[in-house]
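Colleague: what follows is a predicted structure for the sequence shown.
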Amino acid sequence: MTPAYPGPRGTCRGSLHALEARRATDAGHPWLTDARTTELRPAKGRPSAHGQRPARLLMTADNFGDVWTYALELARALGQQGIEVALATMGGALALSQRRQAHAIPTLQLFESQYRLEWMEDPWRDMEAAGDWLLRLEDMVQPDVVHLNCYTFGALPWRAPVLVVGHSCVFSWWQAVKGTPAPPSWSAYREAVARGLRGADMVVAPSAAMLSELERLYGPLLATRVVPNGRDRALFTATSKEPLVLTVGRLWDEGKNVLALESVAQQLPWPVYAAGECSHPQGGTISARHIRLLGPLPPEQLARWYARASVYALPARYEPFGLSVLEAALSECALVLGDIPSLRELWDDAAIFVQPDDTHALCSAIQELAEDEALRRLLATGAYRRALEYNPQRMAAEYVAVYRELALSGRG
């Protein structure tokens with residue numbers, strides 16, 4: 001299985017002084033854009049929030065998995081409070097289904113690019129160009145707060161207050177998955193992440209475990225907050241459960257530990273299905289003989305699989321939050337999870353936990369659930385009740401409190 005974060009990194013090019021100079025040059029032309037992005041349309045003028053509830057955000061996102069889902073869920077919930085979101089995407093071209101999802105949110109304006117992400121192979125030239133693009137977007141959108149779902153851009157010379165959300169990072173992933181610190185070839189990445197975090201006015205993580213890792217690896221961080229992610233329970237349901245086990249995620253990511261399920265699948269009384277992308281965005285793919293690969297599924301189809309599955313298994317080595325676990329819990333699946341700090345924090349007393357490398361315990365846990373319907377129902381009910389706590393309204397309310405605090409204080 002291909003690692004989630006393969007390959008060495010180059011040297012970061014450019015400087016903040018150069019970005020400031022280019023920004024000054026482009027100040028009169030906020031619609032200027034790279035050929036790979038959507039056309040920038042100047043926003044209509046509006047009054048500033050002046051410390052009240054922010055009215056408009058500039059938010060970044062990538063088109064991979066949880067961050068995309070999180071960004072849309074948050075934008076939808078913020079829109080219900082009258083907050084507009086300009087969403088700038090990077091990492092690759094959006095699928096048609098993703099564009100449709102975004103366009104279905106009336107308070108969201110989508111700006112696309114295909115700039116490489118900071119964890120991708122030799123991204124720094126793209127990161128510099130993306131920084132220029134984002135600063136021009138800020139000039140055009142005039143946001144009250146900049147909400148970054150990546151690290152490096154926290155060091156840009158923003159005018160609005162900046163929030164950086166740490167969803168995951170290479171160094172914490174490497175330690176959890178490989179059992180050793182990331183090699184020196186990742187030093188440029190580490191320096192860029194540290195600069196971005198230092199440049200932010202606030203750093204948020206979806207779990208205390210992830211925030212602790214950011215502080216350990218890149219800290220100290222002056223202003224921090226934990227805001228759990230949320231999902232809309234109306235999108236998920238529990239139909240007649242079937243005798244099957246489901247896992248969901250980027251199957252190429254070693255942190256998901258799909259190989260553990262592959263190794264025990266033949267010993268289980270129920271079939272194991274895996275939904276998600278099998279091909280790494282930079283090359284390489286996974287194959288399986290004993291679990292049944294469904295490939296990437298549109299949200300409606302995936303929800304039907306959650307509804308059918310009696311057991312959801314994710315023996316993860318690394319999972320800073322895990323939206324798929326939340327979705328499975330909202331679908332009343334019994335949970336079998338990797339015993340790691342973040343999943344313990346979020347699902348303690350609502351799941352069976354196994355050490356990620358203990359395939360015997362993984363096999364035994366799934367077998368026990370397959371044989372004991374009362375235990376399955378007990379765990380499924382507990383997981384569902386816990387999942388209701390992680391809802392979009394709570395997530396949006398906590399972010400609005402952060403945005404208001406940033407808008408009041410201004411740039412640090």
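Modeller: Received it, and whenever you're ready, just let me know what you need. Small disclaimer: the values here were computed from a predicted structure and weren't measured.
Colleague: next up, the contacts around residue 97.
Modeller: residue 298 (Cβ atoms under 8 Å, 6 or more residues apart in numbering). Heads up, the C-betas are built off the backbone N, CA and C, glycines and all.
Colleague: okay, the helix or strand containing it in PDB with CA atoms only?
Modeller: Using DSSP states H and E, residue 97 maps to helix 96-103. The C-alpha trace of helix 96-103 is given here as PDB (Å, rounded to 0.1, in the frame of the first residue of the first chain):
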ATOM      1  CA  LEU A  96     -18.600  17.300 -11.400                       C
ATOM      2  CA  SER A  97     -20.400  15.800  -8.300                       C
ATOM      3  CA  GLN A  98     -18.300  18.100  -6.000                       C
ATOM      4  CA  ARG A  99     -19.200  21.100  -8.000                       C
ATOM      5  CA  ARG A 100     -22.800  20.200  -7.800                       C
ATOM      6  CA  GLN A 101     -22.500  19.800  -4.000                       C
ATOM      7  CA  ALA A 102     -20.900  23.300  -3.700                       C
ATOM      8  CA  HIS A 103     -23.300  25.000  -6.000                       C
END
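Colleague: list the helices and strands the next helix or strand after it packs on?
Modeller: Later in the chain than helix 96-103, the nearest helix or strand by DSSP H and E is strand 108-112. With contacts taken as 3 or more Cβ pairs under 8 Å, 6 or more residues apart in numbering; DSSP states H and E, strand 108-112 sits against helix 65-79, strand 84-90, helix 96-103.
Colleague: the helix holding residue 97 to strand 108-112, inter-axis angle?
Modeller: 140 degrees (axes from the mean of the first three to the mean of the last three Cα atoms, to 10 degrees).
Colleague: quick one: residue 206 and residue 321 touch, right?
Modeller: Yes. Here residue 206 reaches residue 321: they are 3.9 Å apart, a contact under Cβ atoms under 8 Å.
Colleague: overlap in contacts, those two.
Modeller: In contact with both residue 206 and residue 321: 167, 228, 229, using Cβ under 8 Å, 6+ apart.
Colleague: show me where the stretch 51-200 of the chain has helices.
Modeller: Assignment of helices within the stretch 51-200 of the chain using DSSP state H, counting those that start in this stretch yields the ranges 65-79, 96-103, 124-141, 170-178, 187-199.
Colleague: residue 365: which of those is closest?
Modeller: helix 170-178 (20.5 Å; Cβ to Cβ).
Colleague: for the nearest residue to residue 371 once chain neighbours are set aside, list the residues it contacts.
Modeller: Once flanking residues are discounted, residue 371 sits nearest to residue 269: 7.6 Å by Cβ to Cβ, 6 or more residues apart in numbering. Counting by Cβ under 8 Å, 6+ apart, residue 269 makes contact with 243, 367, 370, 371.
Colleague: make a PyMOL selection of the buried ones in the residues you listed.
Modeller: Here is the PyMOL command that selects the buried residues among the contacts of residue 269 (16 or more other Cβ atoms under 10 Å):
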select buried, resi 370
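Colleague: restricted to helices, list the contacts of residue 269.
Modeller: 367, 370, 371 (DSSP state H).
Colleague: which of these lies closest to residue 102?
Modeller: residue 370 (39.5 Å).
Colleague: distance check, the residue nearest to the spatial centre of the chain against residue 279.
Modeller: The centroid of the chain falls nearest to residue 67 when counting by Cα atoms, centre = their mean (2.8 Å). With distances taken as Cβ to Cβ, to the nearest Å, residue 67 is found 18 Å from residue 279.
Colleague: cool, residue 380 as well?
Modeller: From residue 380 to residue 279 the distance is 32 Å (Cβ to Cβ).
Colleague: follow-up on the earlier one: which strand or helix spans the residue nearest to residue 371?
Modeller: Under DSSP H and E, no helix or strand contains residue 269.
Colleague: do residue 259 as well
Modeller: Using DSSP H and E, the element containing residue 259 is helix 258-264.
Colleague: which residues does the helix or strand following that helix contact?
Modeller: Following helix 258-264 in sequence order, the next helix or strand is strand 272-275 (DSSP H and E). In this structure, residues lying in contact with strand 272-275 by Cβ under 8 Å, 6+ apart are 244-248, 251, 258, 261, 265, 288, 290-297, 302, 305, 309, 313.
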